[in-house]
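[1] have a look at this prediction, sequence included:
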Amino acid sequence: MKFISKKIRVVEDGSPKRPARFYWDETEYVLTEVIAQWQDWGFSEGAGTRNWRNRRHRNCYHVKTADGSEFELYLDRGAKLAGGDWFLLSKLK
């Protein structure tokens with residue numbers, strides 16, 4: 001596993017928002033499968049108080065690309081003005 005944690009550009013498909021392809025380091029990755037998806041509503045480690053304002057609001061995805069690579073992505077829904085920001089968390093394979 002390789003930890004990446006970088007903001008990326010994602011082309012979404014359908015509703016609710018699901019990734020169809022993403023761009024990382026000027027390379028396009030086309031998704032062939034969403035292996036798993038889940039929501040992360042946990043608290044960040046630096047949260048002084050545990051209330052709803054300090055929660056993460058993320059839609060997480062374990063995906064497979066056309067070249068056989070697997071990645072973990074998430075949509076940070078806390079950035080409401082732009083509809084959320086996408087991040088590449090890690091390369092799994």
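    Good, I have the coordinates.

[2] how far away is residue 32 from residue 13?
    With distances taken as CB to CB, to the nearest Å, residue 32 is found 12 Å from residue 13. Any C-beta I mention is one placed from the backbone N, CA and C, and that applies to glycine too.

[3] can you give me the pLDDT of residue 77?
    At residue 77, the pLDDT value in this model is 79.

[4] the residue nearest to it when sequence neighbours are not counted: neighbour count?
    Excluding its sequence neighbours, the residue lying closest to residue 77 (CB to CB, 6 or more residues apart in numbering) is residue 57, at 4.1 Å. Neighbour count of residue 57, defined by other CB atoms under 10 Å: 15.

[5] number of residues surrounding residue 31?
    Residue 31 has 21 neighbouring residues, counting by other CB under 10 Å.

[6] okay, now the residue nearest to it when sequence neighbours are not counted: neighbour count?
    Leaving aside its chain neighbours, residue 31 sits nearest to residue 63 (5.0 Å; criterion: CB to CB, 6+ apart). A total of 23 residues lie near residue 63 under the criterion other CB under 10 Å.
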